[in-house]
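Student: Any chance you can model this:
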Amino acid sequence: ITAAAHAFERVMTIKPDHYAASHNAQIARLRASHAAAAAGDWKAAIAHATRAIRAAPARHIPWRELGLIAQQAEHLDLARCALTRAAILELSDPETLNRLGYVAFGSHNIDRAERYFRFGAIIAPSYANAHLGQAECLAWRGDVAAAVAAAERAYGMAPDSAQIESRLALFLFMAGELARGRRHYEARLRKSGNVTRLGVPARWQGEALDRHHLLICSEQGIGDEIMYAVDIPATLARVRRLTIECDPRLVPIYRRSFPRADVGPHHRRDGGAGKIGHYHWLDPVDPPDLHCEVGSLDLMLGGRGGDEPRKTPYLRAHPARTAAWRRQFQATAPRLTVAIAWRSRVVTQHRAAAYPPLAAWAPLWRVAGVRFVAVQYGHDWIAEAQAIKRDFGADLTVLDDVDTTDDMEEVFAIAAAADLVICPSSTVGWIGGALGQDTWLLLNRPSYILRGGDDIPGFPTVKVWAKDNAAPWEPLMVEVAAALATRRNRA
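Tutor: A predicted model of the protein is given here:
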């Protein structure tokens, strides 16, 4: 593709007004830009999109595509500038306005985002994504009923859009409309980038399982796997035989927790548009005859709700490792040990609103008589931990010999041995809930995981500390710190 672009660009150096050459150079550069973006090479993707603009600076599409690439790369200023230029060149393009809306939304400028989405809906009333954008803004403001209505309008205009339908499902969960939410949530499986599964049997449709061997397939991130695994015990009670696919890091934990099931790690390779899952590892003598994604168990089990309470804890930490950590924690002075994480692994500018900034944690760091043990994971968190200790005098222990990103056996054992787990919405919170450990989860609301209520169904040991999206974190963190001091006094 790049060679073709060079060839067309050479023609343009000879004859600058050669329309076909400029048009083809633009197309080739945009295709090269998309290929680089798919490979995660954002620098190359932006460079190719910029070259596409040089080939046709008066056309709005290359500007729009540069804006999209820059938005995906988290270069929001560049995205805003490029999309604004595209809108100036072609104001009647609702897609450009929609992307400008999402750039504003990602920067938490909800008023501006709403204006872009509304304008897009005015100039193209049947453009479904403009209505979905309005739904996002309404949900952010806490008007969940209106968000559902707007998302339903979008879905009615584009019933084949997996993105729109899956977002509608989350708004329905926020509103507590669980039955409808579960049905629409199946649309997530049609979204681009999902795992293509080679060699799986027919999909389970909710029929009786007493004569079947079911394969539960992993999906999404490791935190989602742990959250959805709450429905594995009920499934295990119904099947003749169960095989569970999971993240390799969870294999020993699942084998310990579900001894009647066969457990294997997922085997995936890059397939260009998404991952390809292989299932050569299944038992060839008695292979599964049905499969189900772990996030669909709730739907297929009939959405038990309160009729059949979920059983917790449903995952078990390594007993010896847990005992060793507990002895270590009890051997030193502080009377309360808290396993803590302060963010998720991936924090984009938009997602940053879900995590209190380090300074907002100050009231907690300063509670005396509490030892914090870091179970933070991902990249660059060691420097953050050092800043926490330096700036706030926190009694924060970083376990240098524990890989908190990949060694789930140790992370589960640490969480089980601590007195309390505290974190915002992240994998660590689901670990605490799955273990039946006292867990304090810091959330923005509305949140789809609350299912329209104040707590997380099926996780009775998880206490939710919630605030509105637009509210600052500091007042809530003062409340959490006061509760932590009370908890320390009872220890």
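
Student: Run a quick neighbour tally on residue 289.
Tutor: When neighbours are counted by other Cβ atoms under 10 Å, residue 289 registers 15. In short, each C-beta sits where N, CA and C put it, glycine included.

Student: which residues of the stretch 51-200 of the chain fall in strands?
Tutor: For the stretch 51-200 of the chain, applying DSSP state E, counting those that start in this stretch gives strands covering 196-198.

Student: correct me, but residue 87 touches residue 100?
Tutor: Yes. Assessed by Cβ atoms under 8 Å, residue 87 is found in contact with residue 100 at 6.5 Å.

Student: Going by how many neighbours each has, rank those two and give me the top one.
Tutor: Legend: neighbour count by other Cβ under 10 Å for residue 87 and residue 100, higher for residue 100 (28 against 21).

Student: my guess is the more buried one meets residue 82, correct?
Tutor: No. Here residue 100 does not reach residue 82: they are 9.9 Å apart, not a contact under Cβ under 8 Å.

Student: list the residues that contact both of those two?
Tutor: Residues touching both residue 100 and residue 82 (Cβ atoms under 8 Å, 6 or more residues apart in numbering) are residue 67.

Student: and residue 422, that's in a helix?
Tutor: No. Secondary structure of residue 422, determined by DSSP: H, G, I helix; E, B strand; the rest coil: strand, with no helix assignment.

Student: Based on its surroundings, how many neighbours for it?
Tutor: Neighbours around residue 422, by other Cβ under 10 Å: 27.

Student: Likewise for residue 260?
Tutor: 9.

Student: cool, residue 393 as well?
Tutor: 11.

Student: Next: residue 445.
Tutor: 15.

Student: From what I see, it and residue 467 are in contact.
Tutor: Yes. Applying Cβ under 8 Å, one finds residue 445 in contact with residue 467, separated by 7.0 Å.

Student: Okay, strands next: where are they in the stretch 251-400 of the chain?
Tutor: Using DSSP E, counting those that start in this stretch, strands in the stretch 251-400 of the chain cover 262-265, 267-270, 275-278, 290-293, 336-340, 370-374, 396-397.

Student: got TSV for the ones you listed, with distance to residue 488 too?
Tutor: Conversion of the strands of the stretch 251-400 of the chain to TSV gives the following (distance: least, Cβ to Cβ, whole Å):
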stretch	distance to residue 488
strand 262-265	38
strand 267-270	44
strand 275-278	45
strand 290-293	42
strand 336-340	5
strand 370-374	6
strand 396-397	16
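
Student: Any chance of a markdown table for these, columns mean neighbour count and distance to residue 135?
Tutor: Below are the strands of the stretch 251-400 of the chain laid out as a markdown table (neighbours: other Cβ atoms under 10 Å; distance: least, Cβ to Cβ, whole Å):
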| stretch | mean neighbour count | distance to residue 135 |
| --- | --- | --- |
| strand 262-265 | 18 | 37 |
| strand 267-270 | 12 | 32 |
| strand 275-278 | 16 | 29 |
| strand 290-293 | 22 | 25 |
| strand 336-340 | 25 | 34 |
| strand 370-374 | 24 | 37 |
| strand 396-397 | 19 | 40 |
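
Student: Identify whichever of those strands lies nearest to residue 322.
Tutor: strand 336-340 (11.8 Å; Cβ to Cβ).

Student: So which residues lie in contact with that closest one, not counting its own?
Tutor: Contacts of strand 336-340 (Cβ under 8 Å, 6+ apart): 329, 369-376, 396, 414-415, 417-423, 428, 432, 484, 487-488, 491.

Student: repeat for stretch 445-464
Tutor: Contacts of stretch 445-464 (Cβ under 8 Å, 6+ apart): 139, 142, 144, 170-171, 173-178, 181, 227, 230, 305, 309-310, 312, 425, 429, 432-433, 436-441, 443, 466-469.

Student: What subset of those residues is buried?
Tutor: Neighbour-count burial (16 or more other Cβ atoms under 10 Å) is assigned, among the contacts of stretch 445-464, to 139, 144, 170-171, 173-175, 177-178, 181, 227, 230, 310, 312, 425, 429, 432-433, 436-441, 443, 466-467, 469.
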